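> Next input, structure requested:
(one chain, ligands or ions: 1)
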Amino acid sequence: MTTAKRADQTPPPATTGRRPYPGPPPWAVPGLLRKLWGDRLRLLSEAADEYGDVVRFAMGPKTIYFFNHPDHAKHVLVDNAANYHKGLGLAEARRRILGDGLLTSEGETWRRQRRIISPAFRRERIAGFAGVVVDAGTHLTQRLAAESGNVVDLAEEMTALTMDVLGRTLLDADLSPLNFLGPAFEAAQEQAMFEMVTLGALPLWLPLPRHRRFRAARRKIEDAVRTLVGDREHDAGTEGSDLISMLLRAGSGEPDAAARWRGLRDEIVTILLAGHETTASTLSWAWYLLSRHPEAAERMHDEAVAALGDRTPEYADLTSLPYTAMVIQETMRLYPPVWALPRRALAADEIGGYRVPAGADVMISAYTLHRHPGFWADPDEFRPERFAADAPPVAHKYAYIPFGAGPRVCVGSHLGMLEATLIAAMVARRFRFEFAGAADPVPEAMLSLRIRDGLPVRVRPA
Ligand code: HEM
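Next up is the predicted model:
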C-alpha cells in the first residue's frame, strides 16, 4: 500500500505559496470519481504514494486539496483552526442527518454546545461509567459463551454493545428497543456520501429507491429521538444529570418550540452516532487483527487473566492492562474509526508553501497519516509494541490523531478508550476468535470506518 516513493519527513518549505500542486491529470477524473465513491481509502493512499504529502484532486466542479504531512494536520486542526469549518462528507451529513449537533455545528453555536456538553464527559464522571461497561461486557461474554464453536458476526455484537453502553451511561436510557438505529444510520450516511460524490445533483424529491430508503431511515432516527426524550421535557427528568436532561435544561430558554426541538434532536442524533460507531469500529477491527495475530491475542489473554483473575473488573484495573491498551491504540492507528477530517477553508490560506483558496475543500486523513512511511516503520504491520511505555515516542505528535486535534478534538475519547480497553480485556480473558469469512474484511469509509458485510468469526474458548 505504501511505497518508497513517498516523501521524507521534511515538509516543503513554507515560503512562496505559489508552488504548483502535484496531482492526477485531468483525464484521470472518471477513475477518481469512481474511487471517491467506491474506495476512498485507496484514493488517498495511492495519491500519497504517487504524489507525496500534497495532492490536488481536480475533479471537474470539485477540487480536493489533500495534505498529508503531520505539520499540515497541525496547521489545519490546531494553529489555524479558526479558518476551517467542517467540510466534504461532514457538510452533507450535517444537511442530511446531524444538523447543528456538536460534531457539525460551527462558530458560536458550537462553542455554546461544547460548553454545555463537556461536563458530561469529565474524566471523573467517565470513571463512574466503568460499572455499566463491565455489566455490558458480562452480558456479551454470556452471549458468546452460548455460541462457543459457532460463527457469530462480531461487528454486529460490538455495535449492539456500544449502543447499550451509550444509552446506559450518557443518556440514561435503554436503547435495546431501538436496534433499528444501526441500519438507519447506515442508510443516512450512505446518502450523505452519495451526495458528496454527486455534488447533490439529484434532489431528494426524485422518487429513487435510495431516496425512499434515506427518508425512511431519517424518520426512524427522529422517532427514536422522540422516544428517548419522551415526557422528560415535562417531568422531573429535567433534574437528571444525564445528557438529555442537561440538554433540555440548556434549551429551556429558547422560546421557539420548533427551534428548541431541532437543537435537542441534532445533539442527540450526533451523540447516538458519534458515541457508538467509533468504539464499535475500534473493537471490531481489534478482533479481526487479533484473529490474524494469535501471539498478540495470547499475550492479551495472559494479561487479562493476570490482571483480572475471575473477578468482576473495575475502573482501577485499567492501569494493569497496558498491553490491551496498546492493542487498541495500534488498532486505531491501522483502522482509525474517524478516518478523515475534512475541512473547508473560510479565507485563503497557505499550507506548506501551497496556496489554498477561500472555500477550498481541504482533506486531512488520519488513515494516511497513521500509515505515513516517513513517520512509521513498516506502517502496514500490526505491532502493538509501538505504543509500549518504553518504546520511542511517536515520531511526530500529529502523525497519530485517532481522536482528532485542536478545538474540535473528540469529547468522548476517555469513554471510548475506557470502554474499548475494558471490553477487550473481558472478552480476551475467556475467548479467542477464528476469522470465518471467505475473504479479508473490507473497510468501508463512511463517516466512520466500518467493516463492510460484518465480521464473521468462530468463537473458541481462550
Ligand atoms: C474510539 C472511540 C472514538 C474515536 C476514535 C473518536 C474520534 C473522534 C474524532 C477524530 C473526532 C474529531 C472529528 C473532527 O475533527 O472532524 C471526534 C469528535 C467527536 N466525538 Fe469522538 N471518537 C470516539 C468516541 C466517542 C464517544 C464515545 C463519543 C460520545 C459519546 C464521541 C463524541 C464525539 C463528539 C460529540 C465529537 C465532536 C466534538 C466537537 O466537534 O466539538 N466520540 N471523535
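
> Can you name the helix or strand that Thr421 falls in?
Using DSSP states H and E, Thr421 sits in helix 413-430.

> buried set for that helix?
By neighbour count on 16 or more other Cβ atoms under 10 Å, the buried set for helix 413-430 is 414-430. Yep, even glycine has a C-beta here, placed from its N, CA and C like the rest.

> tally of neighbours for the residue of the chain found nearest the ligand?
Closest to the ligand within the chain is Gly412: 2.1 Å, counting by Cβ to the nearest ligand atom. Using other Cβ atoms under 10 Å, Gly412 has 22 neighbouring residues.

> Show me what secondary structure element comes after the longest helix seen in the chain.
Scanning the chain for the longest helix, with DSSP state H as the assignment, gives helix 209-229. Heading C-terminal from helix 209-229, the first helix or strand you meet, by DSSP H and E, is helix 243-251.

> Okay, angle between that next one and helix 209-229 too, please.
Counting by axes from the mean of the first three to the mean of the last three Cα atoms, to 10 degrees, helix 243-251 lies at 90 degrees to helix 209-229.

> Work out the gap between the next helix or strand after helix 243-251 and the centre of the chain.
Per DSSP H and E, the first helix or strand lying C-terminal to helix 243-251 is helix 257-274. Taking Cα atoms, centre = their mean, to the nearest Å, one finds the center of helix 257-274 at 19 Å from the center of the full chain.

> out of the buried residues of helix 413-430, who's near the ligand?
Residues of the buried residues of helix 413-430 in contact with the ligand (Cβ under 6 Å from any ligand atom): Leu415, Gly416, Ala420.

> can you redo the residues you listed as CSV with pLDDT?
Shown next, in CSV, are those (pLDDT from 0 to 100):
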residue, pLDDT
Leu415, 95
Gly416, 96
Ala420, 98
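
> Give me every residue in the stretch 251-400 of the chain that's in contact range of the ligand.
Thr270, Ile271, Ala274, Gly275, Thr278, Thr279, Thr282, Met332, Pro337, Val338, Leu341.

> can you rerun that using 5 Å?
For the stretch 251-400 of the chain, the contact set with the ligand under Cβ under 5 Å from any ligand atom comprises Ala274, Gly275, Thr278, Thr279, Thr282, Pro337, Val338, Leu341.

> re the thing from before, buried ones in the longest helix of the chain, by neighbour count?
The neighbour-count check on helix 209-229 (16+ other Cβ under 10 Å) flags His211, Arg213, Phe214, Ala217, Arg218, Lys220, Ile221, Ala224, Val225, Leu228, Val229 as buried.

> Columns pLDDT and distance to Arg408 on top of those, output as a markdown table?
Output for those, formatted as a markdown table (pLDDT from 0 to 100; distance: Cβ to Cβ, whole Å):
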| residue | pLDDT | distance to Arg408 |
| --- | --- | --- |
| His211 | 92 | 31 |
| Arg213 | 92 | 30 |
| Phe214 | 92 | 26 |
| Ala217 | 93 | 26 |
| Arg218 | 93 | 25 |
| Lys220 | 93 | 28 |
| Ile221 | 93 | 23 |
| Ala224 | 91 | 26 |
| Val225 | 92 | 23 |
| Leu228 | 89 | 25 |
| Val229 | 88 | 26 |
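
> Now stretch 278-287: average pLDDT?
Within the predicted structure, the mean pLDDT of stretch 278-287 is 97.

> how about low-confidence regions in the chain?
Counting by pLDDT under 70, the chain shows low-confidence ranges at 1-17, 231, 233-238.

> Show residues contacting whichever strand or helix holds Val55.
Take DSSP H and E as the rule and Val55 turns out to sit in strand 54-59. Residues outside strand 54-59 that contact it (Cβ atoms under 8 Å, 6 or more residues apart in numbering): 12, 21-24, 26, 29, 32-33, 36, 43, 47-48, 63-69, 72, 351-352, 354.

> out of the residues you listed, which are buried?
12, 21, 23-24, 32-33, 36, 43, 47-48, 64-69, 72, 351-352, 354.

> what about Pro20, neighbour count?
By other Cβ under 10 Å, 7 other residues sit near Pro20.

> Kindly report the same for the one 10 residues further on.
The number of residues packed around Pro30, counting by other Cβ under 10 Å, is 10.

> returning to that earlier point: just checking, next helix/strand downstream of the strand holding Val55?
Next along from strand 54-59, by DSSP H and E: strand 62-67.

> With just CA atoms, put that next one into PDB.
Only the C-alpha atoms of strand 62-67 are listed here, as PDB (Å, rounded to 0.1, in the frame of the first residue of the first chain):
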ATOM      1  CA  LYS A  62     -15.000  19.600  -7.200                       C
ATOM      2  CA  THR A  63     -11.400  20.100  -6.200                       C
ATOM      3  CA  ILE A  64     -10.000  18.500  -3.100                       C
ATOM      4  CA  TYR A  65      -6.700  19.700  -1.500                       C
ATOM      5  CA  PHE A  66      -5.200  16.700   0.300                       C
ATOM      6  CA  PHE A  67      -2.500  17.500   2.800                       C
END
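
> That one: partners in the sheet, and parallel or antiparallel?
Paired neighbours of strand 62-67 in the sheet (DSSP bridges): strand 54-59 (antiparallel), strand 361-365 (parallel).

> Make JSON lines out of the ones you listed and add mean neighbour count.
Formatted as JSON lines, the strands paired with strand 62-67 follow (neighbours: other Cβ atoms under 10 Å):
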{"stretch": "strand 54-59", "mean neighbour count": "21"}
{"stretch": "strand 361-365", "mean neighbour count": "24"}
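
> Tabulate the ones you listed in JSON lines, adding columns for distance to Arg262.
Putting the strands paired with strand 62-67 into JSON lines (distance: least, Cβ to Cβ, whole Å) gives the following:
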{"stretch": "strand 54-59", "distance to Arg262": "33"}
{"stretch": "strand 361-365", "distance to Arg262": "27"}
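
> Can you check which of those gets nearest to Leu170?
Distance to Leu170, taken as Cβ to Cβ, is lowest for strand 361-365 among the strands paired with strand 62-67, at 27.4 Å.

> what residues does the closest one touch?
By Cβ under 8 Å, 6+ apart, strand 361-365 touches 44, 62-68, 72-73, 76-77, 84, 87-88, 339-345, 351, 356.

> Would you mind putting the CA coordinates of it into PDB?
C-alpha atoms of strand 361-365 as PDB (Å, rounded to 0.1, in the frame of the first residue of the first chain):
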ATOM      1  CA  ASP A 361     -12.100  21.600   0.400                       C
ATOM      2  CA  VAL A 362      -9.100  20.500   2.400                       C
ATOM      3  CA  MET A 363      -8.700  16.900   3.400                       C
ATOM      4  CA  ILE A 364      -6.700  15.700   6.400                       C
ATOM      5  CA  SER A 365      -6.800  11.900   6.800                       C
END
